[in-house]
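>>> sequence first, predicted model second:
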Amino acid sequence: MKKALQVYCATLIILLFSFPLAAVEDERVNFIDMEHEIYRAPWQSYQKLIALQSAAQSYDELTYLWWSLRKAQAENLIYFYDDFNRTVKQANTFVTDKTPLAIQAHLSLFQGLIYRRQGNYSLSQSELAKGLLQAKEAKLSSLYIFTKQELAYTKTLTEIFDASLEDIQEAYVEAFALKDQFLLASINETYGAIYGYLSEYKKSIEYYQRAFEAYQNLKYPAHIAEAIYGLASTYRYWKKYDLAIEYFEKYQQQIDYTPNSNISFFAAYGIGMTLAEKGDCIDAIAIIDKALAIKGVIDYNAELYKRKASCLIDLDRLEEAEDALFKSASIFANIPELIGTSWQLEVIKISSELAYARGQYNIGFGMLQQYYEEYTALLLKNSSERLLKVRAGLESERQRIEQNLAEKRSQVEMLEQESRQNSSVLQFYFNIFIICVILIVLVVIALQYRTNKKMHLLSIKDSLSGLFNRRYIFDYLHTAVLGSTPEKMKLSVILINIDDFKKINDNYGHPIGDEVIKNIAEVGRDVFRQDDIFGRIGGEEFLCILPRTNIIEATKIAQRFLAKINLSKMVKGRQDTVTVSIGIAALSEQCQDVNQLYINADQALYQAKHLGKNQVNVF
């Protein structure tokens, strides 16, 4: 007992002195273990990862890939799909045969999701199948199961129900054996989708409800939102429209965890579709148009155009209905995997309704006959004896597995309980004391670390634009120029100044001027590359550092920025245009000093102003 006490005390002393040092030693994060943190707080995790972006450039290749992977994971959960696509694309450029399978399998999963959102279901299945093999070879059970259920859901979208049910059942058995609540919830969510498409709405609601409750226990906001959306969609298919709208509105409330306004597309989609099917066509068309104006998912847009066409026919706006139907049919024509599904066949049915409304009864009858023949064949396919056997067998096997595993778990728990009762009471309380002390120390360290991180972010960010501030920009520039490597000679800067900014403030007031600065910053985030360092260095002046970029490449980027500014409406509700003048300079054998580099860029900017503004000038 005395020896054990000495060991615990020594361990406590080591922890007390080592944790503070570890907390301040480096800004690097253990990206491999971040998954749960990202699921719990996706937006906060994304901000944390973005704050490490400049530091990530100095990471070794493996650490950089893990940083990119976690960044992509957070972007996916907060619906930053364009950023997600770019991050995955860039990460894939670093992948080689020597890259760990864990990273390759994650990237294959992400690429499969990208293809699925683009409506390319064949490529999506192929990429997800590749990810399955990689996860299996690496013995990553959780990732293997998660990828398998995503593959099952993808097959469901093309109405390959028997294969998707078999895949999801295999995933369920493996997840149940692991006792992984998140995987079980994900699989239950996929079951909900499959049974919803099979028109078994009661069973679909049951599975979605299980997923929802599990996600709530885990406190995963993005997944809670997805489960709510699944419940809303199933109630819509079930024609319980009031319940559907109630759950779509709950979904709208749940998605406030992300600042991305484009996520509102899905809520608008659900409510618009529900109102159209309910018969409230005037309200439905207004919301459908709102959804179509947002950058949404392509096959969802096809469904919106169909519902809009039906409403327009009811309102006797036949030319508009024909246009909406044409747009829907065009989308389906570009997604071959959806040809012959119930979603695509409905275009034929609505086209027949349009023909009847125009008095073209023979054409309408022919289309309607074609629809019912193809739809009946599809129903027979989905109700085939093989599919019925698969579904019945899988449900039976699922119940049997749950019962057997539950019995084994009960036996294990009894043995563990007996083992715990045999432990010494004194040892138990001593362990509790040590754990409490360590937890207190860890909480204090964590709070101090979070405070330091917040202070660091405030010290490098400009509060108005959200860009890097002047001090950080020039510190970074000095660091980038130091040394004498060949890469040093390949660095350019772009100096940007808003033209006649004082007039904007005088004419519209400083709040509008602030809005213009924010909009300029947003354009810069869209145009400049991920490795470029963009900041606000003065009232209406911005500076972008472009590492590994020569003067020609920098000029092209600056011209794209200028073109986008000219196309953007910076002052809302006003016809006045906002322009910028841009000066560009680069390191060279004649200019190897930071101050001279900035002076050169400033002179080029002055020349751009002198020549008439709204242009790019190179020193």
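Here it is on my side, so go on.
>>> helix or strand for the residue nearest to residue 361 when sequence neighbours are not counted, which one?
Leaving aside its sequence neighbours, residue 361 sits nearest to residue 355 (Cβ to Cβ, 6 or more residues apart in numbering; 7.5 Å). To be clear about C-beta, it is placed using only N, CA and C from the backbone, and glycine gets the same treatment. In the assignment (DSSP states H and E), residue 355 maps to helix 342-357.
>>> can you give me the helices in the stretch 251-400 of the chain?
264-278, 281-293, 298-314, 318-333, 342-357, 361-382, 385-421 (DSSP state H, counting those that start in this stretch).
>>> I'd like to know how many residues surround the residue nearest to residue 584 when sequence neighbours are not counted.
In space, and not counting its chain neighbours, residue 584 is closest to residue 618: 4.7 Å by Cβ to Cβ, 6+ apart. Using other Cβ atoms under 10 Å, residue 618 has 19 neighbouring residues.
>>> any idea of the pLDDT on residue 88?
In this prediction, residue 88 carries a pLDDT score of 94.
>>> ok, back up a step: would you mark the buried spots in the helix holding residue 355?
Neighbour counts using 16 or more other Cβ atoms under 10 Å place 342-356 of helix 342-357 among the buried residues.
>>> low-scoring stretches of the stretch 51-200 of the chain, by residue?
Along the stretch 51-200 of the chain, segments meeting pLDDT under 70 span 158-172.
>>> where do the helices of it begin and end?
According to DSSP H, counting those that start in this stretch, the helices that the stretch 51-200 of the chain contains are 53-56, 61-77, 81-92, 101-117, 121-137, 141-157, 161-178, 181-197.
>>> now the angle between helix 101-117 and the third one, please.
Using axes from the mean of the first three to the mean of the last three Cα atoms, to 10 degrees, the direction of helix 81-92 lies 140 degrees away from that of helix 101-117.
>>> angle of helix 81-92 against helix 61-77?
Using the same axes, to 10 degrees: helix 81-92 against helix 61-77 is 160 degrees.
>>> would you indicate which residues of helix 81-92 are buried?
Using 16+ other Cβ under 10 Å as the test for burial, helix 81-92 gives 81, 83, 84, 85, 87, 88, 91, 92.
>>> run through the neighbouring helices and strands of it.
Contact analysis of helix 81-92 by 3 or more Cβ pairs under 8 Å, 6 or more residues apart in numbering; DSSP states H and E lists helix 61-77, helix 101-117 as its packing neighbours.
>>> and for the second one?
Under the contact criterion of 3+ Cβ pairs under 8 Å, 6+ apart, the helices and strands touching helix 61-77 comprise helix 35-40, helix 42-51, helix 53-56, helix 81-92, helix 101-117.
>>> and for the last one?
Using 3+ Cβ pairs under 8 Å, 6+ apart as the contact criterion, the secondary-structure elements in contact with helix 181-197 are helix 141-157, helix 161-178, helix 201-218, helix 221-237.
>>> distance between it and the chain's centre?
How far helix 181-197 lies from its chain's middle: 19 Å, per Cα atoms, centre = their mean, to the nearest Å.
>>> also the first one?
If you compare the mean C-alpha spot of helix 53-56 with that of the full chain, they lie 21 Å apart, counting by Cα atoms, centre = their mean.
>>> go on, the fifth one?
Centroid separation for helix 121-137 versus its chain: 20 Å, with Cα atoms, centre = their mean.
>>> before we move on, the earlier item: lowest average pLDDT across the helices of the stretch 251-400 of the chain?
helix 385-421 (a mean of 53).
>>> residue 431: which element?
helix 425-460.
>>> picking that back up, for the helix holding residue 355, name the packing helices and strands.
helix 298-314, helix 318-333, helix 361-382.
>>> so who does the residue nearest to residue 584 touch?
By Cβ atoms under 8 Å, 6 or more residues apart in numbering, the contact list for residue 618 reads 551, 555, 583, 584, 585, 604.
>>> any idea how far it is from residue 585?
Residue 618 sits 8 Å away from residue 585, going by Cβ to Cβ, to the nearest Å.
>>> shared neighbours of those two, which are they?
551, 604.
>>> got a pLDDT number for residue 484?
As predicted, residue 484 sits at a pLDDT of 45.
>>> begin at 56, not 1, for the rest of this chat.
New numbering, starting at 56: the last item is residue 539.
>>> so residue 660 touches residue 552, yeah?
Yes - counting by Cβ atoms under 8 Å, residue 660 touches residue 552, with 5.8 Å between them.
>>> got the domain boundaries for this protein?
As assigned by automatic domain parsing, the chain contains the domains 56-81+480-515, 315-426, 525-673.
>>> dump the helices and strands packed on helix 136-147 into a markdown table; add distance to residue 274 as well.
A markdown table is the format used below for the helices and strands packed on helix 136-147 (distance: least, Cβ to Cβ, whole Å):
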| stretch | distance to residue 274 |
| --- | --- |
| helix 116-132 | 13 |
| helix 156-172 | 23 |
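>>> mean neighbour count and distance to residue 669 for these - can I get that in CSV?
Shown next, in CSV, are the helices and strands packed on helix 136-147 (neighbours: other Cβ atoms under 10 Å; distance: least, Cβ to Cβ, whole Å):
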stretch, mean neighbour count, distance to residue 669
helix 116-132, 22, 34
helix 156-172, 22, 37
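>>> nearest to residue 431, of those?
For the helices and strands packed on helix 136-147, proximity to residue 431 was assessed by Cβ to Cβ; helix 156-172 is nearest, at 28.6 Å.
>>> who does that closest one touch, helix- and strand-wise?
With contacts taken as 3+ Cβ pairs under 8 Å, 6+ apart, helix 156-172 sits against helix 116-132, helix 136-147, helix 176-192, helix 196-212.
>>> ok and the shortest one relative to helix 97-106, angle-wise?
In this structure, helix 136-147 runs at an angle of 50 degrees to helix 97-106, with the same axes, to 10 degrees as the basis.
>>> list of residues touching helix 136-147?
120, 123-124, 126-127, 130-131, 158, 162, 165-166, 169, 172, 317, 585.
>>> just those residues now: which is nearest residue 358?
Among the contacts of helix 136-147, residue 172 lies closest to residue 358 (Cβ to Cβ), at 14.5 Å.
>>> okay if I get the helices and strands packed on helix 156-172 as CSV plus distance to residue 573?
What follows is the helices and strands packed on helix 156-172, written out as CSV (distance: least, Cβ to Cβ, whole Å):
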stretch, distance to residue 573
helix 116-132, 21
helix 136-147, 18
helix 176-192, 37
helix 196-212, 37
